[in-house]
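Enquirer: I would like to see how this sequence folds:
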Amino acid sequence: MSLVGRERERELLAALAEAGGSLQIVGEPGVGKSALLASLDGHLVVGVEAEQDLPYAGLHQVLHPFLDLSTLPEVRRGALEVVFGLSDGAAPPVHLVGLAALELLSAAGPIVLVDDAHWLDQASRDVLGFVARRLSGAVLVATARTPVLAGVPTLSLEPLAEDDADALLAAVAPDLDAERRSRVLAQAAGNPLALNELPFGGNSLEEAFAARAATLPHEVRTALLMTALGGALAGLEPAVEARLVDRDGAFRHPLIRSAIVRAASAAERQDAHRRLAAETDEPDRRAWHLAAAVTGNDEEVACLLEKTADRALSAGGAAAGGQCVGTGRTA
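Expert: All right, here's what the predicted structure looks like:
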C-alpha cells in the first residue's frame, strides 16, 4: 500500500528507533498501520488468527531469532523451556517469562515489529505487555485495531486528511472520471486501503478482494483458502499478480484473508481444514483443524480437543482431567 502523508507519525517512529522503547499503533482495518510499520526495518512478526488459542505461540515468533537460552540464568531459562515445550514442569508465572524475554531482547537490541497484535494469544500479549513497559535497549512496535498492551504508549492512526486522500487516489487511479472519483473518495472516507482497492471493483473492500480472488484458477483459490485458514503459502504467483499476497508470501491485508474464507462454501472450508490437519505435525493445530472439518459428533476429535484443552490449562497454571469425554480413553 502506498504511504502518503503520515509525516508526523514517521518522524515519531524514526525517533523511537533511535532512542529505543515501545509503542502500539491502533486504528481501523486499512487505515495504514501495516504500511507505517513497514517504514521501519526490523524483525517482523504477524499475528495469526489460527494461533490465538495456542499459548505463547506469538511469543515464540517474537523470540525465536534471539533464543539463545544458554545466556539466561537457570530459573529464567527454565521458564522459557517450559512455555515453549522444551521441557516439562509447572507453568511459570507471567512475570518470570517476561523477565526472560526482556533479558533476551535487551541483549540483542533488535527492532521488533508485531503486526496484527490483536490476533496474538493472550499469554503472549501479557508477556509482551510486561516487556514493552520495561524495554529501553531495544524497540518494540505493535499494531492492533484497539490497544492490546496495557500501559504501553499508544498512537491512534486516523484516516487520511482530505488532501492526502485525494493525492493517494490520483496516484493509484489517475484515469478515474470525476463522478467515479468523487464516489470513491466518499466511500473510502480517508481509508488508504479503500482508496487503493475500491477503484478496481466492489462496493466494499471484502467484495473487491473476493471478486479478484474469483478470477484465479481453482487450485490457486484452494491454496489461498488453505493459507487463510492457517496454512503456508506456496506457488501462488497468480495471487501475487492479483495483489492478494505479496512476494514475501503474506496476505496484503487481514481483510483479504476474511474475504477468501467468507467467499468459500462450507464444503470447501471443511475440505481445506481436513487437508491442513493431515499436513501438520502440531497436535493442537491438528485438533483445531479436525474440529472445523467435522459436521457431527466425532469422539476421536473430541478426545483430541480435550487433550488440547489440558495442555492450554497446564500452560496457564492449572491442570485438567485426563479422560476424554465419551471415549473412556486417557488423554
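
Enquirer: E28 and R145 touch, don't they?
Expert: Yes: the pair E28 and R145 qualifies as a contact (Cβ atoms under 8 Å) at a distance of 6.8 Å. For every residue, glycine as well, the C-beta is placed using N, CA and C.

Enquirer: so where is this structure shaky, pLDDT-wise?
Expert: Judged by pLDDT under 70, the chain has its weakly predicted residues at 1-2, 201-202, 233-235, 312-331.

Enquirer: and the longest helix for it?
Expert: Ranked by number of residues, the top helix in the chain under DSSP state H is helix 299-315.

Enquirer: hey, C-alpha coordinates of it in CSV?
Expert: Once non-C-alpha atoms are left out, helix 299-315 reads as follows in CSV (Å, rounded to 0.1, in the frame of the first residue of the first chain):
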residue,chain,number,x,y,z
GLU,A,299,-15.4,-39.0,19.6
GLU,A,300,-11.9,-39.1,18.3
VAL,A,301,-11.9,-35.3,17.5
ALA,A,302,-13.5,-34.7,20.9
CYS,A,303,-10.7,-36.5,22.6
LEU,A,304,-8.0,-34.6,20.7
LEU,A,305,-9.7,-31.3,21.7
GLU,A,306,-9.7,-32.3,25.3
LYS,A,307,-6.0,-33.0,25.1
THR,A,308,-5.5,-29.6,23.6
ALA,A,309,-7.5,-28.1,26.5
ASP,A,310,-5.4,-30.0,29.0
ARG,A,311,-2.2,-28.5,27.5
ALA,A,312,-3.7,-25.0,27.4
LEU,A,313,-4.8,-25.1,31.0
SER,A,314,-1.5,-26.5,32.1
ALA,A,315,0.4,-23.7,30.4
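
Enquirer: so how far is that helix from its chain's centroid?
Expert: Offset of helix 299-315 from its chain centre (Cα atoms, centre = their mean, to the nearest Å): 24 Å.

Enquirer: which other helices and strands contact it?
Expert: Under the contact criterion of 3 or more Cβ pairs under 8 Å, 6 or more residues apart in numbering; DSSP states H and E, helix 299-315 touches helix 283-293.

Enquirer: burial measure for the nearest residue to G5 once chain neighbours are set aside, as a count.
Expert: Sequence neighbours aside, D164 is the residue nearest to G5 in space, at 3.7 Å (criterion: Cβ to Cβ, 6 or more residues apart in numbering). Close neighbours of D164, defined as other Cβ atoms under 10 Å, add up to 17.

Enquirer: and the one 10 residues further on, by the same measure?
Expert: Under the neighbour criterion other Cβ under 10 Å, P174 is assigned a count of 9.

Enquirer: centroid-nearest residue for the chain?
Expert: Ranked by distance to the mean C-alpha position of the chain (Cα atoms, centre = their mean), the top residue is G47 at 2.0 Å.

Enquirer: from what I can see that residue touches G58, true?
Expert: Yes: with contact defined as Cβ under 8 Å, G47 counts as touching G58 (6.3 Å).

Enquirer: now V240: how far from L216?
Expert: As for V240, its distance to L216 is 11 Å (criterion: Cβ to Cβ, to the nearest Å).

Enquirer: looking at those two, which one has more neighbours?
Expert: Looking at V240 and L216 with other Cβ under 10 Å, you find the greater number of neighbours at L216, namely 18 against 15.

Enquirer: three-state assignment of the more buried one?
Expert: Following DSSP: H, G, I helix; E, B strand; the rest coil, we place L216 in the coil state.

Enquirer: quick one, what contacts the residue nearest to it when sequence neighbours are not counted?
Expert: Spatial nearest neighbour of L216, chain neighbours left out: P238 (5.3 Å); criterion: Cβ to Cβ, 6+ apart. Going by Cβ atoms under 8 Å, 6 or more residues apart in numbering, P238 touches L216, P217, V220.
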